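J.: Sequence and predicted model, in that order:
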Number of protein chains: 2
Amino acid sequence: MEKEISQAVIRRMPRYYRYLGELIDSGIERISSNDLSARMNVTASQIRQDLNNFGGFGQQGYGYNVNNLYEEIGKILGLNEEHNIIIVGAGNLGQALANYIEFEKFGFLIIALFDINPDLKDSTVRGIPVFMSEELDDFVRRKRVDIAALTIPRAKADTMANHLVDLGVPAIWNFANVDLELSDKNVMVENVHLSDSLMQLSYNIVKNKKEKKTG
Amino acid sequence: MEKEISQAVIRRMPRYYRYLGELIDSGIERISSNDLSARMNVTASQIRQDLNNFGGFGQQGYGYNVNNLYEEIGKILGLNEEHNIIIVGAGNLGQALANYIEFEKFGFLIIALFDINPDLKDSTVRGIPVFMSEELDDFVRRKRVDIAALTIPRAKADTMANHLVDLGVPAIWNFANVDLELSDKNVMVENVHLSDSLMQLSYNIVKNKKEKKTG
């Protein structure tokens, strides 16, 4: 079995990927770990350690080949495969996600939205069909669904998430403001807790104000 | 000056707050750190350590008074003050945020949206006015703006963020898929990188598939 790589390392990989993408956009073909480190505000040794988890990729005295590293990290992140996403909850947030075309660039295809609102029946968002909730089970059984984005109120999130898990959906992208309690611990969950990030901002705003007063 | 509290601790506080809110909703008035720990999947000693940063709040042999702790953490997070938010970029995501009423419950008031699209002139989202970008400077000078949510394309995000900083906005809630480079390092930034969280999911999906094959 492969060495277990910590989620902290995994969390940094998309950031490397993003920076390398920006370097490619600006025509930069190679970069030293020091330069990459200065741009990313991470120590060079951290970068080397992180990448060594996957076998390195740097060359002594040359640094990193930007295109090559971008591609390798893409593979590590599974971006060389397509991932089918359904969005459960076609309200504003669900529709915003469906309209976000950047995801497709990385191989994430939104293939359907689901909602309980009959007004949305037979509608589409950027060409993507909105189905009624009754059609969900059948859809998931017929199509390969890799990720279900949950954009429904928190009161219903747990029940729906567990239902999706029972249907065999392997990953939940949770936008409901609740930590899901899933019956199957192997299912992957990524939370986007918007209120949490606002609260971190407000903590720091209040703290800064206090420091200005006393400082 | 007060002791500096690490951002890792701060990142956990909204989660405590959310859990305590759920306890209140289910009518629970007091809880031991062990029970809280079991529910939150955090060690009891971590909880005690985190809360001790702010003076404790627990009582030997009693545990925590849920309402009291909820209120205290709310104060720590600055939720007893109102925070005015503007949303720069009134596309789908901007409108989704404006429609999200949960934020108000925590004292975050969305007071305006801004966009360059003339079709949106004089429109509103849930009663909140959408202004044209030309009106931004004047608005920020006249009103207190605590947080600017950036929901514009990444190519324009850096320029706009620095412009907002120049206007005196103390905090940026960044949804553009780029790490902002700000001229003023005292400005607070919270990033919501949606693609990053999708990539973490896809890494884990691919890894699980591999393990199933080989395991």
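T.: Looks like it came in fine.
J.: quick one, phi/psi of residue A:109?
T.: phi -110, psi 120 (degrees, to the nearest 10).
J.: Who is it paired with across the strands?
T.: residue A:84 (DSSP bridges).
J.: wait, what's in contact with it?
T.: A:82, A:83, A:84, A:85, A:103 (C-beta atoms under 8 Å, 6 or more residues apart in numbering or on different chains). Every residue, glycine included, has its C-beta placed from N, CA and C.
J.: And residue A:34, by the same measure?
T.: Contacts of residue A:34 were listed using C-beta under 8 Å, 6+ apart, and they are residue A:44.
J.: Could you pick out the buried ones from the contacts of residue A:109?
T.: When these are checked for burial by 16 or more other C-beta atoms under 10 Å in any protein chain shown, the buried set is A:83, A:84, A:85, A:103.
J.: Of the residues you listed, just say which sits nearest to chain B.
T.: Using C-beta to the nearest C-beta, residue A:83 is the member of the buried ones among the contacts of residue A:109 that sits closest to chain B, with 5.4 Å.
J.: Could you tell me the average pLDDT over the helix or strand where residue A:23 lies, please?
T.: Assignment of secondary structure by DSSP states H and E places residue A:23 within helix A:7-25. For helix A:7-25, mean pLDDT rounds to 91.
J.: Could you pull up the mean pLDDT of the helix or strand just after it?
T.: Downstream of helix A:7-25, the next assigned helix or strand under DSSP H and E is strand A:30-31. Averaged across strand A:30-31, pLDDT comes to 92.
J.: Okay, now the sheet partners of strand A:30-31, with direction.
T.: strand A:64-65 (antiparallel).
J.: Would you mind checking the average pLDDT for the partner strand?
T.: 90.
J.: what does stretch A:88-98 give?
T.: Average pLDDT, stretch A:88-98: 93.
J.: List the buried residues for it?
T.: In stretch A:88-98, counting by 16+ other C-beta under 10 Å, buried: A:88, A:89, A:90, A:91, A:92, A:93, A:94, A:95, A:96, A:97, A:98.
J.: residues contacting the closest residue to residue A:28 other than its chain neighbours?
T.: Among residues not flanking residue A:28 along the chain, residue A:66 sits closest, at 5.7 Å (C-beta to C-beta, 6 or more residues apart in numbering or on different chains). Neighbouring residues of residue A:66 by C-beta under 8 Å, 6+ apart: A:20, A:23, A:24, A:28, A:29, A:30, A:31.
J.: ok, 10 Å please
T.: For residue A:66, the contact set (C-beta atoms under 10 Å, 6 or more residues apart in numbering or on different chains) comprises A:19-24, A:26-31, A:36.
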